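1. test case, fold it:
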Amino acid sequence: MSSDTHGWYGLCKSYFMSKTVEVLAAAFTAFTNVLLAAIIRTLSTLERHHTQSGLEAGAYTRPLLSST
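-> Next comes the predicted model:
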């Protein structure tokens, strides 16, 4: 802006741009976590365990993967 003699426009513009990037990164992370949780839930229904240790390994792996 040509009427901005004190430089507030530039300061506020960079602040709001950085906050916008921060919000977009948080939204992308949340979306990715929800998507991964849905994929893991879907794939866990396809598991067929033949032993008790296989069931225990699957029960351990799903929460571990969904927390990442």
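
2. any stretches of this protein with poor pLDDT?
-> Scanning the chain for pLDDT under 70 picks out 1-4, 47-68.

3. buried residues, the longest helix seen in it. List them.
-> Secondary structure of the chain per DSSP state H: the longest helix is helix 8-44. Neighbour-count burial for helix 8-44, counted by 16 or more other C-beta atoms under 10 Å, picks out no residue. Using the backbone N, CA and C atoms, a C-beta is placed for each residue, glycine as well.

4. just use 477 as the starting number from now, easier for me
-> From this message on, residue numbering opens at 477, which makes the last subject helix 484-520.

5. so which elements touch that helix?
-> Contacts defined by 3 or more C-beta pairs under 8 Å, 6 or more residues apart in numbering; DSSP states H and E place helix 484-520 against helix 528-542.

6. is residue 482 in a helix, a strand, or coil?
-> Following DSSP: H, G, I helix; E, B strand; the rest coil, residue 482 is assigned to coil.

7. now for it, how many residues are close by?
-> Around residue 482 there are 7 other residues, counting by other C-beta atoms under 10 Å.

8. distance of residue 507 relative to residue 493?
-> Note on residue 507: its distance to residue 493, by C-beta to C-beta, to the nearest Å, is 21 Å.

9. ok, residue 500 next?
-> 11 Å.

10. which residues do these two both contact?
-> The contact sets of residue 500 and residue 493 do not overlap (C-beta atoms under 8 Å, 6 or more residues apart in numbering).

11. next, residue 483: phi, psi?
-> phi 80, psi 10 (degrees, to the nearest 10).
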